[in-house]
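S.K.: Next comes the sequence, and after it the predicted model I'd like to discuss.
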Amino acid sequence: MSDYIVRAMAADNQIRAFAAVTTDMVETARRNHNTSPVATAALGRLLTGGAMMGVMMKGEKDLLTLQIHAGGPLKGITVTADSMGNVKGYVGNPNVCIPANSKGKLDVAGAVGVGFMNVIKDMGMKEPYMGQVALQTSEIAEDLTYYFATSEQVPSAVGLGVLMNRDNTVRQAGGFIVQLMPFAEEPVIRRLEENIQKISSVTSLLEEGHTPQSLLEYVLEGFDVEINDTIPTQFACNCSKERVEKALISIGREELNDMIQEGKPVELNCHFCNKNYEFSVEELKEILRKCKRK
């Protein structure tokens with residue numbers, strides 16, 4: 001198992017925590033979308049956060065979508081995750097290239113820009129749950145921390161990181177989410193705050209060789225940590241030619257007819273994994289026949 005998430009409880013169930021290593025997942029996203037380093041870092045952070053938030057859901061068919069709409073040159077990020085550790089996502093502008101920030105690091109905040117984040121949970125109810133928050137720093141981890149505090153009223157600490165190699169491949173990626181339960185006692189809260197303040201960066205901890213388990217032990221130093229679950233996580237897209245065909249059917253007969261009249265194959269692209277699906281003129285005619293039968 002290369003990438004995985006651990007789920008844990010600590011301090012007599014006063015704290016729940018998640019930690020993940022997502023290096024392969026983020027590298028797969030980078031390859032699929034041919035993202036620039038700063039786009040990889042931004043997308044990788046949201047993919048990592050989304051994967052951990054996805055496994056917080058209970059139902060097998062539950063789906064989480066994180067959307068960042070902002071004015072920066074990245075032109076937004078969309079990530080979808082399920083409760084089984086599968087996650088996929090894309091950025092509006094994969095080629096964004098801007099100077100490093102004042103610390104000499106990839107300027108994720110500058111690439112993302114000022115805007116807001118939607119958190120949509122589809123848990124099989126009549127209407128999906130949707131929360132929206134203004135981006136606080138556009139660094140993503142702090143924005144998710146703010147979302148948990150304001151929309152879900154759960155005091156949380158979120159740490160996310162992506163470190164790139166010189167050849168622009170992904171060297172390290174991962175993160176953690178630590179949350180206080182409503183009955184957490186003051187000494188537990190104080191100790192956890194002290195622990196969080198001493199963390200310099202997630203990527204430096206991963207570079208030191210930390211696993212998700214040892215990452216949580218570090219973040220939750222001084223508490224009894226009980227690992228409850230280990231979940232494999234991966235970049236996985238459920239697109240297929242059949243699903244794309246359904247999308248073609250939904251555009252209607254008139255547009256399909258126009259495509260057929262042009263006499264050329266049509267190529268459609270999946271936003272999430274960047275895979276292309278080609279439909280010949282004969283295939284388009286068959287899809288049109290299916291439309292007429294409905």
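M.R.: That came through, no problem. Numbers count the residues shown, from 1 in each chain.
S.K.: buried stuff in the helix or strand bottoming out on mean pLDDT in the chain?
M.R.: In the chain, no helix or strand scores lower on mean pLDDT, DSSP states H and E than helix 281-293, which sits at a mean of 83. Residues of helix 281-293 classed as buried under the neighbour-count rule (16 or more other CB atoms under 10 Å) are 284, 287-288, 291. C-beta coordinates here come from the backbone N, C-alpha and C atoms, glycine included.
S.K.: Also stretch 49-69?
M.R.: 49-57, 62-69.
S.K.: Helices of the protein, residue ranges please.
M.R.: Counting by DSSP state H, one finds helices in the chain at the ranges 23-33, 37-54, 108-112, 141-151, 186-197, 202-207, 212-219, 241-250, 253-262, 281-293.
S.K.: so of these, which one's packed in deepest?
M.R.: Burial of these is given as mean neighbour count (mean count of other CB atoms under 10 Å); helix 37-54 ranks first at a mean of 28.
S.K.: can you dump the C-alpha coordinates of that helix into CSV?
M.R.: Output in CSV follows, covering the C-alpha atoms of helix 37-54 (Å, rounded to 0.1, in the frame of the first residue of the first chain):
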residue,chain,number,x,y,z
PRO,A,37,4.6,23.0,-10.0
VAL,A,38,2.3,25.7,-8.3
ALA,A,39,-0.8,24.1,-9.9
THR,A,40,0.3,20.7,-8.7
ALA,A,41,0.8,22.0,-5.1
ALA,A,42,-2.6,23.6,-5.0
LEU,A,43,-4.5,20.7,-6.5
GLY,A,44,-2.5,18.2,-4.4
ARG,A,45,-3.4,20.0,-1.2
LEU,A,46,-7.1,20.0,-2.0
LEU,A,47,-7.0,16.3,-3.2
THR,A,48,-5.3,15.3,0.1
GLY,A,49,-7.8,17.3,2.2
GLY,A,50,-10.7,15.9,0.1
ALA,A,51,-9.5,12.3,0.5
MET,A,52,-9.5,12.6,4.3
MET,A,53,-12.9,14.4,4.4
GLY,A,54,-14.3,11.8,2.1
